Each structure stands twice: as C-alpha cells, then as structure tokens.
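*Asks:* Provided below for reference: sequence and predicted model.
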Amino acid sequence: MNIPVAKPFLGEEEAKAAHDVVLTHWVTQGPKVKEFEDNFARYTGAQYAVAVSNCTTGLHLAMLLCHIGSGDEVICPSLSYIATANSIVHAGANPIFAEVRSDYNLDPDDAEKRITPKTKAILVVHQIGMPADIDRFRQICDNHGLFLIEDAACAAGSSYKDKKIGSHSDLVVFSFHPRKVITTGDGGMITTSRKDLADRARLLRQHGMSVNDRVRHEAKTVIIEDHVEVGYNYRMTDIQAAVGIEQLKRLDWLIEERRRIAQKYTEAFAEIPHLRLPVEPESGTTNYQSYSIYLEPGFPVERNELMQRLLDRGISTRRGVMNSHRATAYKHLNLHLPFSEDLEDRSIILPLYVPMPPEEVQYVIEAFRGECMRTAR
Ligand SMILES: *Cc1c(COP(=O)(O)O)cnc(C)c1O
C-alpha cells in the first residue's frame, strides 16, 4: 500500500479544457477568466467574483482594498498556513496572532481582547474547510469599526447558515492550490458584494490599468489605456480558468464523496478513547478539505510515533495545521500561544481524496485502530 494524504481530482474534461483554450490563442485573463468568475459568483451566491493568481495575492489585495498599510494591525490566527499572516505583512501591516478554539478556528473572545486603536481588520480563516462563526465576527467588527476579511482558502463549497462561504462578507478569498478541494494548478478568487471593491480589485490585479484587455479587444473605437495607480500582476491565466470551470462543475460531487469517506472514519473511530474527531458546527457544513483528528492527553501513542508507524504501513499523514508564530519568519515576535501550539502538536491529518478506493479507506481504518490497540495493551 502507498496511500497519499491528498490528491487532486483532475480528469479528461480538465485536460481537454486546457488543450482547447491553448488553441484559441487567448491564454491569460480573457474570456475563460470572465466565465469562471461568473460561474463562481453564481455558485457561491456572491455578487462579484474576481480571479487572481492565488489566494495569497488575493488576500494582499483584500488588505489594500481596506486601505490597510504601514503601522496598522490585523488580527488573525497563528494556527493557519503561513500565507494568512504573510498577506498582512505584504501590505506593510502587522499580524496580531490570536488563539483558536478546538475546531481550529479563531477564538472570537481572544480576538476581541487583542483589538487596539491600530487594529483595522480581523482576518478570519475557515480552517481546513470548517466554517468559522461569521456572524459573531461581523458583530465584533461592527462594534469596533473594523473590516472583516475571510481567508476561505480551504473553504470552497463549505457553508454557513445555509449559504455558501463567499456570500456573507465584503471580502472573501479562495485558493485553488492542488491541496484544496478544487484546483487550477495555482489560482485564487475574491468574492464581494460591493461593486466598488470588485472594480478596484480588477484594477489592482492588472497593473492599475484603466481598461481590461477583454473590453479593449471588443471595443469598436480605439481605447488608449491609462495606469491610474501602482498596481500588481496578480492575473489568472485563461488556461487555469478553463480548468477551474470544469473543477467547479464537480465541486458538489467532490464534497459529497469527501463527506462519505469522512463519515466512515468518524464511525470507525468514534469508540477510540482520548481521540477527538472533527465535528461540524450547528451553523454550517464543512467541505472536509482535511480530516484532522486530535490526540488528547491519555492517548496511548505519541503523535509523531503514530505518524511513523502509519507511514511504515504505507499511509501518509500530516501533522496538524502549523503555527505561524513558531516559524523562523515570525520567531522574533516571541509569542506563546499555548492552545494553538498544543493543537498543532497533537493533531494528525489523515488521507482523504477522491476517488479514494473503499479498500484504501478500510486499510487506513484498520491500520489506525491496530496502532491504537497495539499500544493500549
Ligand atoms: C492554502 C492556504 C493559503 C494560500 O493559498 P495560495 O493559493 O497557495 O496562495 C492561505 N490561507 C490558508 C488558510 C490556506 O490553507
């Protein structure tokens, strides 16, 4: 057995879409990007969707759209992929790390305690696809006059209060990296309900150019463009977007399949003592971007030892979500976040991908239970 922890689902449809768009000769930010944006907006229920090169650049733009810059503070979890914090630094601002709760999502009470006169926004993460309590964060942000930005890198297709993530706030940013539920190779998407923000995002992603290539191409009169502010090259290519259009068609099915596998794990592991399994909040549903479990004190095997034993049986796992404040890049902050650190150290991400053959799911279940029993005796 050789079971990976994750694998993107890509088929003939994606291959053909990429092939076809190459032969149209329009390969970046053209008609396919527009189509992908329209489809993504419709899927999430957002008013506008703006495609970008990846989620990190999308989050950077979100900061700029909120006029966040030098000296400003943005509260975010440390327990997240490091790009969450980096996007704040890219804007010249300072990430203020707050604790998370046992569902890996930002703790609203701890976040609120860290608000200062310099705070401009809260960057909430729907960690590994699990929806955070958006209304609670919205309330805190409204009370303190802050922007709410959602890092929905992992959360395409997750929902909160019967609406898809992407339709609740002014700035939500998704990732299409292969480790997420749908992929364009690399890629990202900003969704918003505000036309002014969508317009400025479109401007900034293409060098601050006053007219986009598609509009200029279709124009019947000559258009001489201007560059109205210093922008960036954060474009998505049409090749990526063509793949994304096919991936989006599969998203609901992919989530159903992931949910089925997750339920098998949850049923099989429910009786194992000192093990905490993922639980969906009453207010939403996850897309199971990752199946992360927590080994409570008293669990018979040490985390890294368990990962090694599973690897010896041909099963890849990953440690829990990282803490940015522990990475060398942020060590100088000298922070200690005991709850987040404990979560990182005691969590394991199990294999989950589509299509994961039932024999493989069963093999992981038996191997995992076997290792728990072996040491328990
Ligand atoms: C993957 C991820 C990112 C970065 O996404 P990219 O598209 O690779 O830039 C940001 N935040 C979180 C929470 C992620 O999981």
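*Replies:* Happy to help now that I have it.
*Asks:* near the ligand, which residues of the chain?
*Replies:* Residues of the chain found near the ligand (C-beta under 6 Å from any ligand atom) are 54-56, 80-81, 83-84, 125, 151, 153-154, 175, 177, 188. All C-beta atoms are positioned from the backbone trio N, CA, C, and that covers glycine.
*Asks:* Just send these back as CSV, with pLDDT too.
*Replies:* Written out in CSV, the entries for these read as follows (pLDDT from 0 to 100):
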residue, pLDDT
54, 98
55, 98
56, 98
80, 98
81, 98
83, 98
84, 98
125, 98
151, 98
153, 98
154, 98
175, 98
177, 98
188, 98
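*Asks:* among those, which are in strands?
*Replies:* Among the residues of the chain next to the ligand, the members found in strands (DSSP state E) are 125, 151, 175, 188.
*Asks:* what about this protein, any weak spots by pLDDT?
*Replies:* Scanning the chain for pLDDT under 70 picks out 375-377.
*Asks:* Just give me the closest of the residues of the chain next to the ligand to residue 345.
*Replies:* Residue 345 has its nearest neighbour among the residues of the chain next to the ligand in residue 80, at 15.7 Å by C-beta to C-beta.
*Asks:* Quick check: closest non-adjacent residue to that closest one.
*Replies:* Computed as C-beta to C-beta, 6 or more residues apart in numbering, the closest residue to residue 80 that is not its neighbour in sequence is residue 125, at 4.9 Å.
*Asks:* list the contacts for the one you found?
*Replies:* 76-77, 80, 84, 105-106, 132, 150-151, 153 (C-beta atoms under 8 Å, 6 or more residues apart in numbering).
*Asks:* Sort out which of those are buried, if you could.
*Replies:* Neighbour counting over these (16 or more other C-beta atoms under 10 Å) leaves 76-77, 80, 84, 105-106, 132, 150-151, 153 as the buried ones.
*Asks:* and residue 93, how far is that from the ligand?
*Replies:* Distance of residue 93 to the ligand, computed by C-beta to the nearest ligand atom, to the nearest Å: 16 Å.
*Asks:* for residue 224, same thing?
*Replies:* Remark: distance between residue 224 and the ligand (C-beta to the nearest ligand atom) = 34 Å.
*Asks:* Kindly report the same for residue 132.
*Replies:* For residue 132 relative to the ligand (C-beta to the nearest ligand atom), the value is 11 Å.
*Asks:* ok, for the residue nearest the centre of the chain, nearest residue in space, not its chain neighbours?
*Replies:* With distances taken as C-alpha atoms, centre = their mean, the chain has residue 153 as the residue nearest its mean C-alpha position (1.7 Å). Leaving aside its chain neighbours, residue 153 sits nearest to residue 175 (3.8 Å; criterion: C-beta to C-beta, 6+ apart).
*Asks:* count of residues packed around that neighbour?
*Replies:* Residue 175 sits with 30 neighbouring residues when counted by other C-beta atoms under 10 Å.
*Asks:* hang on, it packs against residue 184?
*Replies:* No - Residue 175 lies out of contact with residue 184 (C-beta atoms under 8 Å); the separation is 9.5 Å.
*Asks:* ok, now which ones touch residue 35?
*Replies:* Residue 35 sits in contact with 241, 245, where contact means C-beta under 8 Å, 6+ apart.
*Asks:* picking that back up, out of the contacts of residue 125, which comes closest to the ligand?
*Replies:* Nearest to the ligand out of the contacts of residue 125 is residue 153 (C-beta to the nearest ligand atom; 3.3 Å).
*Asks:* what's in contact with stretch 101-108?
*Replies:* So stretch 101-108 is contacted by 75-77, 79, 98-100, 122, 124-128, 130, 132-133, 136-137, 140, 276, 278-279, 281, 292, 294, 320-321, 339, 343, 347 (C-beta under 8 Å, 6+ apart).
*Asks:* Among the residues you listed, which lie within strands?
*Replies:* Those of the contacts of stretch 101-108 lying in strands (DSSP E): 75-77, 98, 122, 124-125, 276, 292, 294, 347.
*Asks:* Look up the closest residue to residue 136, ignoring the ones flanking it.
*Replies:* In space, and not counting its chain neighbours, residue 136 is closest to residue 108: 4.8 Å by C-beta to C-beta, 6+ apart.
*Asks:* I figured residue 319 hits residue 350, correct?
*Replies:* No - using C-beta under 8 Å, residue 319 is not in contact with residue 350; the gap is 11.8 Å.
*Asks:* the more surrounded of these two?
*Replies:* Neighbours were counted for residue 319 and for residue 350 using other C-beta under 10 Å; residue 350 has more, 23 against 15.
*Asks:* Pull the contacting residues for the more buried one.
*Replies:* 5, 265, 291-293, 317, 364, 368.
*Asks:* Now these in TSV, please, with extra columns for neighbour count.
*Replies:* Below are the contacts of residue 350 laid out as TSV (neighbours: other C-beta atoms under 10 Å):
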residue	neighbour count
5	17
265	21
291	23
292	26
293	21
317	21
364	26
368	24
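*Asks:* out of these, which one sits closest to the ligand?
*Replies:* residue 292 (12.2 Å).
*Asks:* what's across from the closest one in the sheet?
*Replies:* Legend: beta-bridge partners of residue 292 under DSSP bridges are residue 349.
*Asks:* what separates the helix ranked longest in the chain from the chain centre, distance-wise?
*Replies:* For the chain, the longest helix by residue count, based on DSSP state H, is helix 238-269. Centroid displacement of helix 238-269 relative to its chain, using C-alpha atoms, centre = their mean, to the nearest Å, is 14 Å.
*Asks:* Same check on stretch 291-308?
*Replies:* Distance of stretch 291-308 from the chain centroid (C-alpha atoms, centre = their mean) equals 24 Å.
*Asks:* Could you export that stretch as CSV, CA atoms only?
*Replies:* Listed next in CSV are the C-alpha coordinates belonging to stretch 291-308 (Å, rounded to 0.1, in the frame of the first residue of the first chain):
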residue,chain,number,x,y,z
TYR,A,291,-9.8,15.3,8.1
SER,A,292,-7.8,16.4,11.2
ILE,A,293,-8.0,14.5,14.4
TYR,A,294,-6.7,15.4,17.9
LEU,A,295,-4.9,13.0,20.2
GLU,A,296,-5.9,14.0,23.7
PRO,A,297,-3.6,13.6,26.7
GLY,A,298,-4.0,9.9,27.6
PHE,A,299,-4.0,8.7,24.0
PRO,A,300,-1.7,5.7,24.1
VAL,A,301,0.7,6.7,21.2
GLU,A,302,2.7,9.8,20.9
ARG,A,303,1.8,11.8,17.7
ASN,A,304,5.0,11.6,15.7
GLU,A,305,5.4,7.9,16.7
LEU,A,306,1.9,7.2,15.3
MET,A,307,2.6,9.1,12.1
GLN,A,308,5.8,7.0,11.6
